[in-house]
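Peer 1: what follows is a predicted structure for the sequence shown.
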Amino acid sequence: MASFACTNPTFNPAFTSSSSSSKPSSKSSFLSFLNTTSIPISLKLSKSYSHNFQRSLVVDNVLKTTDSSQTSVLTSKDLETLSSISTPTILVSEKLGEAGLEVLRSFGNVECLYDLSPDELNSKISSFDALIVRSGTKVTRQVFEAAKGRLKVVGRAGVGIDNVDLQAATEFGCLVVNAPTANTVAAAEHGIALLAAMARNVAQADASMKAGKWQRSKYVGVSLVGKTLAVMGFGKVGSEVARRAKGLGMNVIAHDPYAPADRARAVGVDLVSFDQAISTADFISLHMPLTPTTSKVFNDETFSKMKKGVRIVNVARGGVIDEDALVRALDSGIVAQAALDVFTEEPPPKDSKLVQHENVTVTPHLGASTKEAQEGVAIEIAEAVVGALKGELSATAVNAPMVAPEVMLELAPYVVLAEKLGRLAVQLVAGGKGIKSVKVVYSSARDPDDLDTRLLRAMITKGIIEPISASFVNLVNADFTAKQKGLRITEERIVVADSSPEFPVHSIQVQISNVDSKFASAVSENGNISIEGKVKYGIPHLTSVGSFGVDVSLEGNLILCRQVDQPGMIGRVGKILGENNVNVSFMSVGRTVRRTRAIMAIGVDEEPNSVTLRKIGEVSAIEEFVFLKL
């Protein structure tokens, strides 16, 4: 059974937990509810739909009668229509390797129409069941609207899906799949090629010679052997870069909160914190995804922490670097050289100061551009699209499938709580060891067998993984993605007597074990980072941090402070926030023993700047604090 739904749910405060018992009177009203609340919507294909699901639709249409007693007969025109669409039709809008095209042709009718304008794509898309693109084709909401429900699968031949409107795809019942693994080696090799070319000024020397010059003294390079390379993001590509750099005699360190320490040790790599990585490296190679957390993470502040003369390679995503800040760092000498394959805007402007900088080596997004990688990506995406058209659920699906409407309706507010608890928990982890084990404890008045936690577990996984990962987590791939990240998630269900069985969940607790915490007070007596939340009046609330009870709405952002329990603390911190134009939406104080230690949880609408946070930290009674994004 194939099913499709949306990701990234947000919660409408108007929907309260007390309304979860209300059932929609029809499918349309249920979809209307989901659209207004932005909770994952779902469209399900019947069990009879496989690769010839279109045949079912036609039979439904042509077997119409004017009277229930009449027998319908297929006309020759009906049969011709049925025959023409019983085999899926697949549009390939950008060049795809022949091996991939053969996989597609063995299953359906394939049309390769390259360089289509947006209007041309919109005019043709209603004739296709599947669309395969690379990075050049923009699959917008208008494309899905023009498809009129015919388009069932979009395949992105590559990793990034920035050019596909996922929300629109889900709303129109279209599954989106990508090909995340086939270009790993090619990207790693290109990273190493840029590393060596930059160190030895290959591109600049080549241009100089072709201009008729002989400038040996100008292009003296630096050696790689014995130098420290920081690999920022120790996933598939990052680990392959590390292996090759070790072969060049480099000392390799890495930062990645998900990388298992044993896998890093097997390569001879030490996992370190972000600040330690950038402050000790001679070379920095970027392999992190572009997420809200990593957007422009390399900026004036981070460049200022680096060793003077550091060299940077980026074959990941352009947006992780503030390009104007990089130009300033190059001009000041903090960054000696940069080698870039990706840019915030592609292609970059012709007058880009970064591209034209004499100490920058650039290539036009060639990371995956080898013959072998192109063929591998072609086969991987072709197999994913064919599987989806057959009704199979792909591990590379990037938008979530369906859960039963009645389950979704009841769990709606808890879905939001689950994801936000995951997001909070991962931000409390200090780098170095990597996250391996997460335990989720559900308390409920219901029998443990009467609680479907698949969606909640998936959303907790999503909250933990997505903020600092390129992975898109949903009900289909949550367990697969967690396993791929080396993340083991266990669940425990506790029956509580003081809660009503009318509500499916009383509370959700997330525990992360065997890690260090940025906020020591979040560590419970068993040594785990522990946070717990509940839904109150339809709004997710944080109700405990470590051993401290709090009560703060999980809206906006959050500041947690551990302080000496004394009068005036709320006023002092509130005054600092107010003077810096940060609006406080909610505040709660929890303590274990009176006049000893307390946790103050502050909900804020805006993100405080570094000056504001520093002022909070300078309050003498505050022993530690952390800012968390929701």
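Peer 2: Happy to help now that I have it. Predicted, not measured: the structure shown is a model, and the values here were computed from it.
Peer 1: so what's the gap between the longest helix along the chain and the chain middle?
Peer 2: Longest helix of the chain, by residue count under DSSP state H: helix 405-427. Distance of helix 405-427 from its chain centroid, counting by C-alpha atoms, centre = their mean, to the nearest Å, is 16 Å.
Peer 1: how much space separates the residue nearest to the spatial centre of the chain from residue 197?
Peer 2: The centroid of the chain falls nearest to residue 466 when counting by C-alpha atoms, centre = their mean (3.7 Å). According to C-beta to C-beta, to the nearest Å, residue 466 and residue 197 sit 34 Å apart. The way it works is simple: take the backbone N, C-alpha and C, and place the C-beta from them, glycine included.
Peer 1: same check on residue 265?
Peer 2: Residue 265 is 30 Å from residue 197, by C-beta to C-beta.
Peer 1: more neighbours, those two?
Peer 2: residue 197 (19 against 11; other C-beta atoms under 10 Å).
Peer 1: can you pull the contacts of that one?
Peer 2: 203, 339, 361 (C-beta atoms under 8 Å, 6 or more residues apart in numbering).
Peer 1: mind redoing it with 10 Å?
Peer 2: Residues in contact with residue 197 (C-beta atoms under 10 Å, 6 or more residues apart in numbering) are 203-206, 221, 313, 339, 361, 363.
Peer 1: and if you look at residue 114?
Peer 2: 92-96, 136-137.
Peer 1: and these, which is closest to residue 455?
Peer 2: residue 137 (31.9 Å; C-beta to C-beta).
Peer 1: quick one: neighbours of the closest one, just the number.
Peer 2: Residues lying near residue 137 (other C-beta under 10 Å) number 23.
Peer 1: quickly note the distance from it to residue 117.
Peer 2: Residue 137 is 10 Å from residue 117, by C-beta to C-beta.
Peer 1: so where's the stretch 501-630 of the chain uncertain?
Peer 2: 592-595 (pLDDT under 70).
Peer 1: the strands in it, which residues?
Peer 2: 507-513, 529-536, 539-545, 548-553, 557-564, 584-591, 597-604, 622-629 (DSSP state E, counting those that start in this stretch).
Peer 1: which one of those lies nearest to residue 495?
Peer 2: strand 507-513 (12.3 Å).
Peer 1: gap between the closest one and the chain center?
Peer 2: That offset, for strand 507-513, works out to 21 Å (C-alpha atoms, centre = their mean).
Peer 1: can you check stretch 86-96 too?
Peer 2: 27 Å.
Peer 1: next, the contact list for the closest residue to residue 321 other than its chain neighbours, please.
Peer 2: Sequence neighbours aside, residue 298 is the residue nearest to residue 321 in space, at 4.5 Å (criterion: C-beta to C-beta, 6 or more residues apart in numbering). Residue 298 makes contact with 232, 278, 284, 286, 288, 306, 312, 314, 320-323, 325-326, 329, 335, according to C-beta under 10 Å, 6+ apart.
Peer 1: next, the angle from the longest helix of the chain to strand 539-545.
Peer 2: 40 degrees (axes from the mean of the first three to the mean of the last three C-alpha atoms, to 10 degrees).
Peer 1: list the buried residues in helix 405-427.
Peer 2: Buried positions in helix 405-427, judged by neighbour count with 16 or more other C-beta atoms under 10 Å: 405, 408-427.
Peer 1: in helices only, show me the contacts of residue 298.
Peer 2: Reading helices off the contacts of residue 298 with DSSP H, I get 278, 323, 325-326, 329.
Peer 1: save the residues you listed as CSV, and put in distance to residue 373 and pLDDT too.
Peer 2: Shown next, in CSV, are these (distance: C-beta to C-beta, whole Å; pLDDT from 0 to 100):
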residue, distance to residue 373, pLDDT
278, 29, 97
323, 26, 97
325, 31, 98
326, 27, 98
329, 31, 98
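Peer 1: if we can go back for a sec, what's the neighbour count on the nearest residue to the residue nearest to the centre of the chain once chain neighbours are set aside?
Peer 2: With C-beta to C-beta, 6+ apart as the measure, residue 473 is the residue that lies nearest to residue 466, at 5.7 Å, once sequence neighbours are left out. Counted with other C-beta under 10 Å, residues neighbouring residue 473 total 27.
Peer 1: okay, now stretch 587-597: how far is its last residue from its first?
Peer 2: 17 Å (C-alpha to C-alpha, to the nearest Å).
Peer 1: what score does residue 381 have for pLDDT?
Peer 2: With respect to pLDDT, residue 381 scores 96.
Peer 1: swap in the one 4 residues further on?
Peer 2: At residue 385 the predicted local distance difference test score is 95.
Peer 1: and the gap between the residue nearest to it when sequence neighbours are not counted and residue 470?
Peer 2: Closest residue to residue 385 apart from its sequence neighbours, by C-beta to C-beta, 6+ apart: residue 155 at 4.1 Å. From residue 155 across to residue 470, the span is 17 Å (C-beta to C-beta).
Peer 1: the strands in the stretch 151-300 of the chain, which residues?
Peer 2: 153-156, 175-178, 228-232, 251-255, 270-271, 283-286.
Peer 1: could those strands go into TSV alongside mean neighbour count, distance to residue 602 and mean pLDDT?
Peer 2: What follows is the strands of the stretch 151-300 of the chain, written out as TSV (neighbours: other C-beta atoms under 10 Å; distance: least, C-beta to C-beta, whole Å; pLDDT from 0 to 100):
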stretch	mean neighbour count	distance to residue 602	mean pLDDT
strand 153-156	29	40	95
strand 175-178	26	38	91
strand 228-232	25	31	98
strand 251-255	23	29	96
strand 270-271	18	32	93
strand 283-286	26	34	98
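Peer 1: how about the ones you listed, which one is nearest residue 213?
Peer 2: Nearest to residue 213 among these is strand 283-286 (27.4 Å), distances taken as C-beta to C-beta.
Peer 1: tell me the helices and strands packed up against that closest one.
Peer 2: On a contact count with 3 or more C-beta pairs under 10 Å, 6 or more residues apart in numbering; DSSP states H and E, strand 283-286 meets helix 184-199, strand 228-232, helix 236-247, strand 251-255, strand 310-314, strand 335-340.
Peer 1: out of those, nearest to residue 110?
Peer 2: helix 184-199 (24.8 Å).
Peer 1: next one: that closest one to chain centre, how far?
Peer 2: With C-alpha atoms, centre = their mean, you get 25 Å for helix 184-199.
Peer 1: how about stretch 414-434?
Peer 2: 13 Å.
Peer 1: pretty sure residue 119 is in a strand, no?
Peer 2: No - with DSSP: H, G, I helix; E, B strand; the rest coil as the criterion, residue 119 is helix rather than part of a strand.
Peer 1: residue contacts, residue 616?
Peer 2: Contacts of residue 616 (C-beta under 10 Å, 6+ apart): 559, 561, 572-573, 576-577, 580, 602, 608, 622, 625, 627.
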